[in-house]
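Visitor: Predicted model and sequence below, questions to follow.
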2 protein chains.
Amino acid sequence: MSKRSAAAAEAAPAIDLSTLSSKPIVIEQVRPEIDHGRFAVKRCEGDTLRVGAAIFAEGHGALSAALLLRRAGEGAWQEYPMRSVNHGLALWEGSAPLTDIGRYEYTLEAWRDLWTSWVDEVRKKVDAGQDVALERLEGRALIAAAQQRASGDDATYLKTVLKGLDADDSAAAQVPLMLSADLAAVMARWPDRSEAVRYDLTLPLVVDPVRARFAAWYEMFPRSQGTEPGRWATFDDCIRRLPDIRALGFDVLYLVPIHPIGTSHRKGKNNSLVAGPDEPGSPYAIGSAEGGHTAIHPALGTIEDFERLVRSANHLGMEVALDIAIQCSPDHPWVTEHPEWFKFRPDGTIKYAENPPKKYQDIVNVEFFGPHQYELWEELRQVFDFWIRHGVTIFRVDNPHTKPVPFWEWVIRALKEAYPHVQFLSEAFTRPPMMKMLAKVGFTQSYSYFTWRNRKQELVEYLTELTQTECVEYMQPNFFTNTPDILPEFLQRGGRPAFMIRAVLAATLSSAYGIYNGFELCENDPVPGKEEYNNSEKYEFKVWDWDRPGHIKPLIARLNHIRQDNPALWTFANLRFHPCENDDVLFYGKMTDARDNMVFVLCSTNPFDAQHVWMEFPLADMDVPADQAFEVEDLLTGDRHLWTGAWHHYYLDPAVNPAAVFRVTPWRPVDYRAPSL
Amino acid sequence: MSKRSAAAAEAAPAIDLSTLSSKPIVIEQVRPEIDHGRFAVKRCEGDTLRVGAAIFAEGHGALSAALLLRRAGEGAWQEYPMRSVNHGLALWEGSAPLTDIGRYEYTLEAWRDLWTSWVDEVRKKVDAGQDVALERLEGRALIAAAQQRASGDDATYLKTVLKGLDADDSAAAQVPLMLSADLAAVMARWPDRSEAVRYDLTLPLVVDPVRARFAAWYEMFPRSQGTEPGRWATFDDCIRRLPDIRALGFDVLYLVPIHPIGTSHRKGKNNSLVAGPDEPGSPYAIGSAEGGHTAIHPALGTIEDFERLVRSANHLGMEVALDIAIQCSPDHPWVTEHPEWFKFRPDGTIKYAENPPKKYQDIVNVEFFGPHQYELWEELRQVFDFWIRHGVTIFRVDNPHTKPVPFWEWVIRALKEAYPHVQFLSEAFTRPPMMKMLAKVGFTQSYSYFTWRNRKQELVEYLTELTQTECVEYMQPNFFTNTPDILPEFLQRGGRPAFMIRAVLAATLSSAYGIYNGFELCENDPVPGKEEYNNSEKYEFKVWDWDRPGHIKPLIARLNHIRQDNPALWTFANLRFHPCENDDVLFYGKMTDARDNMVFVLCSTNPFDAQHVWMEFPLADMDVPADQAFEVEDLLTGDRHLWTGAWHHYYLDPAVNPAAVFRVTPWRPVDYRAPSL
């Protein structure tokens, strides 16, 4: 409350304005803002934070506003001016550069711009030939007050202006001086902000490394990266695989769990109930006498070997993502050391995992809300902490939607406070509100329904929701083409062209995508009638021939290199679909804000039939005049075209080119007059 | 925090869950909810409050939820069960009847439904032929715990169940008993809510009288209701006018300001700068030596005469709305008694109202944020209070957008606390965010852009925004066809058919609408080139011939009686547009929730040309099978039709019937077999 208001309040104490929901200047419709500031907006290093709001007050007076940004917990705000972008809707916008990762907060402030109001009024009166003698006196008072607030050159300048006004009080002398742009610029720097209104929320913001949004993942079972059938491959075998994976263009190496595996109720080949003596079991049945979530399966190597794998990957420009599945084999050390973390049944046994009538006897779950909840949560935090200290920067979390939401909020917050660069991928194939909530409470990336969206209309609808509704502010999907649990029917039936189609879509629709190994080989042998792999690596060793005939490694390498070369593909929110007169073909584009990189993708969703297609380029949005030529390079084939106008024809043959990835470069208009003429 | 959690926290005090934004059960997307509960949702007496939310938690366990409602400030919540309405989106819904006006608050609570989870699991296992011996023991424990919480018959019943279980522990005996619907019903009444989660906001709700939403307003200048040219009519003249106005079907009589009028800079006929000696001045130049905002112009009568007018109107079923314009003539008593409420210029004068280069020398404005702000605000509150005590129940507030938003929030809240039935209409023809903000902070109704929306597409867009976006929860527009300041071009050019069209649209699109007198006479003499009335009543006395040829009083009376007779027209949010193959014709409908009243309106927007039109009735939404006949009565003409199927043809002739108002009554299917067969 201002001083003068406080004085008045003594006289009439009955009115307590602090109980009101509105303020003298309204600041509302602040975007982005997640659940009224409960959850953080996410951005990446190097981004610009753009904030919009409706800002208005009674009457016609001019306003000013600023965007305020600071690191969370710091005192001083950095201020960035906002500008009015739509007067009719009272919309303002401001932006701030985000140069470092970490947790931030932002808010807005607005105040009455008395000088601009004065200038507007006087200018209209002068234009109408009205006398402004009184207005000039009022204006002088505003300048004198600003001079008191100002310092340095501005204070000197304003003093000079005041002297000039006092030296000649004629309208002819004063009006031009007082309406000058120079004076306006100085006055704008020294506004009276004693009655400024601050937006009533400070909004949280998390700035992640760019890889949080732009990454190509390669998932593998370390034990199946060797060459000798029927035995465990080691981390050294994995290291030998790295150059090939890097050559394919991947930058995240994702390992399924690497821990000791329980023997109780161990699953055999193809998920059979009983395992033979030499069968390795599912790596998701974590823990044995040899250790639990911070141990390494002895057959893979030692912690030093693991660190060497991480270093080797880092050296090639890749990060290592580890799978964290919070579940235990009945042989996990926690079961005996911390029975209080488990739920016991009336017969003294621990309840194993079920999804009735399905039973998972090789797995028991911890009790997140049990009597020793906090010790358990802290132990789990330490599991993540352990692996971060051994070089892991990314965690792929298994089924987070079956664990409490507040646990994730707490553990991710605690870990990112200590290690702000660490990222978390949520494997929550579940209901949309839960997927979104996990992203809100802190997961960096999220699995998505992309894996099952195959037809044009369903892709357009789903991607429009992901990129053009509020969830784009906090949820970055990672588009996996397949997983050890999911061999989609489209890949089963569509064969090699289907793999090509899904590779193009995953790599260009989303800035983050991934494949599970075997995808590059078009592996598509299912358990009949299911979306599961036959002879899944989950239950046995595998030895792959990484160059077997029919693979699509050149396409994948090409796609990943196209992604690297084209900044338009580094973000997700810029995806837009464009008209294309064929229900089996998608046409979409991504452009940088500056339009210095523009990529358009034409992709069939039909793995069998060739398609003729007409597509419409969004010329206005591309900043290309309708009569100006633009060069179009198909980055998959190298073919070039010189096109003019919006509509163009193309031909897609699933066996050869089910898709085209166009980079558009407008030709600059050339002045054909010879220089000397 | 629960007891067990509190105990655990002692052991591991590092984790403070209260700092988290998420809870073990997520409750989000609560609708309605205005700006995260900052502003009240509005409903009317007799409405049902329907509340939706997404409610979910980790895993697959069943949940229960309730809607909680109470009068603001009261302690105990009234509870209404919620039900899951969309499992995939985790959507729940609950509803509560609103029987009395006043201020309320509501929130939600959810808890884990352990019994339903148990039943779901056991049923699946039993169906799969699995053993459930352990599950039966666990179920018995749940029943025993519920029995401890239960009272009355339910406690006895549960005791009996437990005895039955103990008497025979075979699966054959226990399973049918434990899976019984009777037991489920009792268990549902005694859940364990010790870990229930409350939504973290209590949301405000205002329940108004029905007239806040459903009203037909008639605006008039009391001084021009007489029969003698050139002199003031009195309140008694107004009283003589009441039966006619009531016969037209109006239920709010809106009087422009009735206060003494200043003489300084008084405006003359047609807003001329100088008034002749006998000219009455604008009633918006409020205040003279004879008094200010609580005084009555002596020529109109006394306060007793005014009260008699109010009583007479009330007797006929009408309420009186008074115009409140917070502005003063320079002769207003406040200027001399409270100069501290005004802003003085360097020459010692008070700044008069301006919109440069326009000047309003007959008006000065008070300073809402001046040094004596609180005394001024309190005085203004007392102005409203004064008129309420003299029978006024509705205020039409002039230009509220030029006064501070917090003032309106404070004054309306204070007045409605004392007089919850009182209503406020905001005359804010301004930018949309300010219009909406005034509604949020308390205005009951709002003027709208309807007055300038004439074409089909612009009406569909505007009405869709008003009825199908969040603003329908707090903003009730009042569709005025004209005002003393606005004679729309459509009425100027379109003549009598235009008046008929706009009457139908105003009366049927919105549940609240109004006309300014003269509309019923098709008065449309403009100041050339402007949307203003020539010889406006604002600056002179008028004597009207209320039965002059060409009037549309029968149509208006008919429309108002149709509104009264058809509950579907009593609400606004139920408006829906339907296909109609003519760009000059609107087709829209309103239906009650129970579909026991269905009204459809076909209205031309072309005052010149006759229209052939095909329209499509929304049969599915009407609950009418495609092969079932429905009776259609045109309530304007009395014509009846028996139609089957969705598409029908009609003919509109602007000179005769520019619109049709259909009441639809489905014919019940009849069984044609003779009873004896």
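Guide: Arrived safely. All of these numbers come straight from a predicted model, not from anything done at the bench.
Visitor: Report the central residue of chain A.
Guide: A:Q476 (3.8 Å; CA atoms, centre = their mean).
Visitor: dump the residue contacts of it.
Guide: A:42, A:212-213, A:439, A:444-446, A:511-512, A:572 (CB atoms under 8 Å, 6 or more residues apart in numbering or on different chains). Backbone N, C-alpha and C define where each C-beta goes, glycine included.
Visitor: Let me know the closest of the residues you listed to chain B.
Guide: Distance to chain B, by CB to the nearest CB, is smallest for A:A439 among these, at 11.9 Å.
Visitor: roughly how far apart are the closest one and A:Y474?
Guide: Distance of A:A439 to A:Y474, given as CB to CB, to the nearest Å: 5 Å.
Visitor: Likewise for A:E523?
Guide: A:E523 is 34 Å from A:Y474, where distance means CB to CB.
Visitor: confidence score at A:W570?
Guide: pLDDT recorded at A:W570 is 98.
Visitor: right, and it touches A:A212 too?
Guide: No - contact criterion CB atoms under 8 Å: A:W570 and A:A212 do not qualify, at 11.3 Å.
Visitor: just checking, next helix/strand downstream of whichever strand or helix holds A:F499?
Guide: Under the assignment given by DSSP states H and E, the secondary-structure element containing A:F499 is helix A:489-509. Past helix A:489-509, heading to the C-terminal end, the next element that is a helix or strand (DSSP H and E) is strand A:512-516.
Visitor: still on that earlier bit, so for the residue nearest to the centre of chain A, what's the pLDDT?
Guide: The predicted local confidence for A:Q476 comes out at a pLDDT of 98.
Visitor: For the closest residue to A:G262 other than its chain neighbours, grab the count of nearby residues.
Guide: Distances taken as CB to CB, 6 or more residues apart in numbering or on different chains place A:S329 nearest to A:G262, at 2.3 Å, with adjacent residues excluded. One way to gauge burial is a neighbour count; for A:S329, by other CB atoms under 10 Å in any protein chain shown, it gives 25.
Visitor: And the helices in the stretch 201-350 of chain A, which stretches?
Guide: According to DSSP state H, counting those that start in this stretch, the stretch 201-350 of chain A carries its helices in the segments A:235-247, A:303-315, A:333-337.
Visitor: Of those helices, which is nearest chain B?
Guide: By CB to the nearest CB (comparing all of these), the closest turns out to be helix A:333-337, at 16.0 Å.
Visitor: next structured bit after that closest one?
Guide: Following the chain from helix A:333-337 toward its C-terminal end, the next helix or strand by DSSP H and E is strand A:352-355.
Visitor: Send me the next helix or strand after that next one as CSV with only the CA atoms.
Guide: Where DSSP H and E defines the elements, the next helix or strand beyond strand A:352-355 is strand A:358-364. Extracted as CSV, the C-alpha positions of strand A:358-364 are listed here (Å, rounded to 0.1, in the frame of the first residue of the first chain):
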residue,chain,number,x,y,z
LYS,A,358,-2.1,-62.0,-14.7
LYS,A,359,0.6,-62.8,-12.1
TYR,A,360,4.2,-61.6,-11.9
GLN,A,361,5.6,-63.9,-9.3
ASP,A,362,9.2,-62.9,-10.1
ILE,A,363,8.5,-59.3,-8.9
VAL,A,364,7.4,-57.7,-5.6
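Visitor: returning to that earlier point: next up, the contacts around the residue nearest to A:G262.
Guide: With contacts defined as CB under 8 Å, 6+ apart, the neighbours of A:S329 are A:261-264, A:285-288, A:362-364.
Visitor: same thing but 10 Å
Guide: A:259-266, A:281-282, A:284-288, A:292, A:335, A:362-364 (CB atoms under 10 Å, 6 or more residues apart in numbering or on different chains).
Visitor: With A:P356 instead?
Guide: The contact partners of A:P356, taken as CB under 10 Å, 6+ apart, are B:60, B:120-128, B:130, B:132, B:135.
Visitor: likewise A:A57?
Guide: A:A57 makes contacts with A:23-27, A:63, A:90, A:110-112, A:197, B:401, B:404-405, B:434, as judged by CB under 10 Å, 6+ apart.
Visitor: can you tell me which of those residues are in helices?
Guide: When those are checked against helices using DSSP state H, the ones located there are B:405, B:434.
Visitor: what touches both of A:A439 and A:Y474?
Guide: If you check A:A439 and A:Y474 against CB under 10 Å, 6+ apart, the residues they both contact are A:34, A:39, A:42, A:446.
Visitor: I'd like to know the average pLDDT value across the strand or helix carrying the third one.
Guide: A:K42 is part of strand A:41-44, with elements assigned from DSSP H and E. Throughout strand A:41-44, pLDDT has a mean value of 98.
Visitor: what's the spacing between whichever helix or strand comes after that strand and its chain's center?
Guide: Toward the C-terminal end, the helix or strand that comes next after strand A:41-44 (DSSP H and E) is strand A:48-57. Relative to its chain's centre, strand A:48-57 lies at 21 Å (CA atoms, centre = their mean, to the nearest Å).
Visitor: so who does A:E340 touch?
Guide: Contacts for A:E340 were tallied using CB under 10 Å, 6+ apart; they are A:334, A:367, A:370-373, A:375-376, B:8.
Visitor: taking those residues one by one, which sit in helices?
Guide: Among these, the subset assigned to helices under DSSP H consists of A:334, A:373, A:375-376, B:8.
Visitor: and the stretch 251-400 of chain A, which of its residues are near chain B?
Guide: A:340, A:345-347, A:349, A:351, A:354-359, A:365, A:368-379, A:381, A:399-400 (CB under 10 Å from any CB of the partner chain).
Visitor: One more pass at 8 Å, please.
Guide: Within the stretch 251-400 of chain A, the positions near chain B by CB under 8 Å from any CB of the partner chain are A:345-347, A:354-357, A:368-369, A:371-375, A:377-378.
Visitor: Which residue does the stretch 501-650 of chain A have closest to chain B?
Guide: The minimum distance from the stretch 501-650 of chain A to chain B, using CB to the nearest CB, falls at A:K530 (18.7 Å).
Visitor: residues in contact with that residue?
Guide: Shown in contact with A:K530 (CB under 8 Å, 6+ apart): no residues.
Visitor: so how far is A:T430 from it?
Guide: Spatial separation of A:K530 from A:T430 under the definition CB to CB is 19 Å.
Visitor: Surely A:W92 is within a helix?
Guide: No - note on A:W92: no helix contains this position according to DSSP: H, G, I helix; E, B strand; the rest coil, which reports strand.
Visitor: bridging residues for it?
Guide: A:A53, A:S84 (DSSP bridges).
Visitor: any idea how far A:I326 is from the residue of the stretch 501-650 of chain A closest to chain B?
Guide: For A:K530, the distance to A:I326 (CB to CB) stands at 26 Å.
Visitor: How about A:A65?
Guide: The spacing between A:A65 and A:I326, counted by CB to CB, is 46 Å.
Visitor: what about these two, which has more around it?
Guide: Remark: of A:A65 and A:I326, A:A65 carries more neighbours, 23 against 20, as counted by other CB under 10 Å.
Visitor: Close to chain B: what parts of the stretch 401-550 of chain A are there?
Guide: In this structure, the stretch 401-550 of chain A approaches chain B at residues A:401-406, A:409-410, A:413, A:431-434, A:437, A:440-441, judged by CB under 8 Å from any CB.
Visitor: now do 7 Å
Guide: Within reach of chain B by CB under 7 Å from any CB of the partner chain, the stretch 401-550 of chain A has these residues: A:401-406, A:409-410, A:431-434, A:437, A:441.
Visitor: Cool, thanks, talk later.
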